[in-house]
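Asks: the following comprises the amino acid sequence and a computationally predicted model.
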Amino acid sequence: MKTYDILKLKKTWFVISGIIIALGLVLSFINGGLNLGIDFTGGTSLQARIGRKFDVQEVKNIMDKYDKEATITYAGNEKDEVIVRTKLEFDDDTRRDLLEKFDSELNVTSKNINFESIGPSIGSELKKQAILALLVANLGILIYISIRFEWRFGLASIFTLLHDVIIMTIFYGAMKIPVNSSFIAAILTIVGYSINATIVIFDRIRENMKTVRRVDPEQVVNNSINQTLARSINTSLTTFITIGTLYILGVPAVKEFALPLIIGLISGTYSSVFLASSVWLFLRNNIKVKSAH
Amino acid sequence: MNSGSTIKFVAIVLLIGIIAFVASYGINIGKYEVLPVKNQIKLGLDLRGGADVVLEAQGTPEDPITDEKMERAVATIRERIDNLGVTEPVITRQGGKRIRVGLPEIQDTQRALEIIGKTAQLRFMDEAENVVITGNDIKDAKAAYSNDPATKMQIAVVSLELNPEGAKKFAESTRNNVGKIIAILLDDNIISAPSVSEPITDGKCQISGSMTIEEAGDLAMLIRAGALPVELKTLQVTSIGPELGANSFEKSLTAGKIGILLVFLFMIIYYRLPGLIASIALVLYISIVLITLAAIKATLTLPGIAGLILSIGMAVDANVIIFERIKEELNMGKTIRSSIDSGFRRAFLAIFDSNITTLIAAIVLFYLGAGPIKGFAVTLSIGILASMFTAIVVTKQLMKLFEGTNLIKDKKFYGA
């Protein structure tokens, strides 16, 4: 089997990641930072299946009375659905009024309308919850890997996870995707997926370090990456197939969730194959801890 | 050909086929009937429509929120909802001062929302703003038709029956206020302001005002169920149209089926015989996950379906790790039998450690996530455990049994 010298270009891999992150940051900055959705800021979102071709202006005419700043976007595969988002929270009377307008002017009854209204206090709690979930998950992973492998593997894994979380977050920013609670699920899925991929490679390094004595660690790492390369590619491919069909055939709520997952999947595979082991090697060569033997 | 292995192999494949068939289509033998698993899994509001409301009690220093008040508020809301005729409402307390109300498959969300959160503090007040009677003095309230004294038309009213103490207070007050107005207020809104023509001593009276018979019914119900002991503010409202919900479910199901078929295709083309065996194991995997979801009465939400489909992609991973290992062993010149053995043995640690770390993330998500995210964590966790079982136990047994049949001796079919 052909062996690729992946470590030879290790600096290049980090530079590629750096450039992508920098570009994403610039784009996010131009877009005015993360587009926090109503789950985090509070507000109202309304999704209606109009069931025919329509013009955004028709919906805007209705919404202008309540909020001129409301964002109105097409949804659905036939573009017969509309999603309206506003930072305002509607009370019972306004909501009734609005739903009646949809019925009388667009002929859409509440059977075909999803409506969500969230108070700002819930939003800030969700934000705290999300950050806490991410921290606790990473800590748990670090502890587990330190026990099963050793702490440098743990630290290297956390580095790649951080890389993936950053890539996904700036993807949301650069593409102006509203950050809602499904964002947390997407990030944590990729954290789980990426750690999966990293561990498979680390497991191989662990095994090869035991069996192959007095060999250059660089070479062991490179061999390990190569031996697991087919697995890395095929697993990403099968996962990609399932998420891809979700993205193509799914409803808007699922689509919004599937796209960042695809990006995370690519980032997770990339960081596991090209970055994780180099970070471990770096830690191994530069941070020496006195051990008993 | 070894007939023992062949029989076992065929038996296991048949068994998996039967499990999958019963799970997808259900079965009906005499008096035993098993419904398809699709109909047994509880669907979340986002998949079948309905409303979900989070309310928060508003306390003041003089009137703080107590546990007892919250319990009474829950009981009151439950009574109001029962009157609406909603099936399986879920009313739960969240933390110290929040109440979550889930109303599946409700058609008129708007009406439900207006009824749930109303404090419904009923007061009768005279012109000097003395409280005459309150909702606590009322024994019964009913919607009825009555003749409007002015127009002689039939109008909808709420007819009230006071308890003895209330009747006494009302009689005394109407005696003192003949010719004056006694206003009827609901949560500080005047809903009716009739003038007293004569003392009312029989403890019966009516609330009229311009309302439909349905509105009168709702008002009567609110009065019967009593006022909420605390003021509740609506923090979050989610309402999913039932037709949109059903559409999401069907579409996600289709996406799932196609995705799975494509994965099978990929596995069989790339890994050949082991790929086919892995696909059989994956059929069992999907059945296990769905049956477990139905058995533990988990609620399947849209993110849950996404988690499920994602976990299928990841379930393949365990098989891929094993097959790649077997391939390596074969290429080193080992026999098929010993390659399968050492392939599984060497792959085990990688599968175990990588799945446990993913499980850690899923468990954190379960404990710290809210609502639909929890559903996602549940399906992901079940998926991880089921995938470890099917890959390590089922795929392994099938591979060994098939090798034992000696049907195919060419290493090529095992991926070498």
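Replies: Alright, I've got the coordinates. Because the structure is predicted, anything quoted here is derived from the model rather than measured.
Asks: tell me which residue in chain B sits closest to chain A.
Replies: Distances between chain B and chain A by C-beta to the nearest C-beta are smallest at residue B:313, namely 3.3 Å. The C-beta positions use only the backbone N, C-alpha and C, and glycine is treated the same way.
Asks: quickly find the element holding that residue.
Replies: Here residue B:313 sits within helix B:302-331, counting by DSSP states H and E.
Asks: contacting residues for the closest residue to chain B within chain A?
Replies: Distances between chain A and chain B by C-beta to the nearest C-beta are smallest at residue A:239, namely 3.3 Å. By C-beta atoms under 8 Å, 6 or more residues apart in numbering or on different chains, the contact list for residue A:239 reads A:193, A:265, B:310, B:313, B:314, B:316, B:317.
Asks: need those in TSV (columns: pLDDT).
Replies: TSV is the format used below for those (pLDDT from 0 to 100):
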residue	pLDDT
A:193	85
A:265	92
B:310	68
B:313	73
B:314	72
B:316	87
B:317	87
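Asks: just the helices from the stretch 51-200 of chain A, written as ranges.
Replies: Taking DSSP state H, counting those that start in this stretch to define them, one finds helices in the stretch 51-200 of chain A at A:56-63, A:92-106, A:120-148, A:151-175, A:181-211.
Asks: looking at those helices, which is nearest to residue A:46?
Replies: Closest to residue A:46 of the helices of the stretch 51-200 of chain A, according to C-beta to C-beta: helix A:92-106, at 7.6 Å.
Asks: I figured residue B:22 was touching residue B:34, is that so?
Replies: Yes: using C-beta atoms under 8 Å, residue B:22 is in contact with residue B:34, at 5.8 Å.
Asks: which one's more surrounded, the two?
Replies: Using other C-beta atoms under 10 Å in any protein chain shown as the criterion, residue B:22 and residue B:34 rank with residue B:22 on top: 16 against 13.
Asks: please, which helix or strand holds the residue of chain A closest to chain B?
Replies: Residue A:239 belongs to helix A:229-249 when assigned by DSSP H and E.
Asks: tilt between that helix and helix B:302-331?
Replies: 150 degrees (axes from the mean of the first three to the mean of the last three C-alpha atoms, to 10 degrees).
Asks: give the next helix or strand downstream of helix A:229-249.
Replies: With DSSP H and E, the next secondary element past helix A:229-249 is helix A:252-270.
Asks: next, the angle helix A:151-175 makes with that next one.
Replies: On the basis of the same axes, to 10 degrees, helix A:252-270 is oriented at 140 degrees to helix A:151-175.
Asks: looking at residue A:290 now. What's its pLDDT?
Replies: With respect to pLDDT, residue A:290 scores 56.
Asks: what sits against the residue nearest the centre of chain B?
Replies: With distances taken as C-alpha atoms, centre = their mean, the residue of chain B nearest its centroid is residue B:44 (3.6 Å). Neighbour list for residue B:44: B:299, B:300, B:301, B:302, B:304, B:372, B:375 [criterion: C-beta under 8 Å, 6+ apart].
Asks: just the buried residues from the residues you listed, in ChimeraX please.
Replies: In ChimeraX, this line selects whichever of the contacts of residue B:44 come out buried by 16 or more other C-beta atoms under 10 Å in any protein chain shown:
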select /B:299,300,301,302,304,372,375
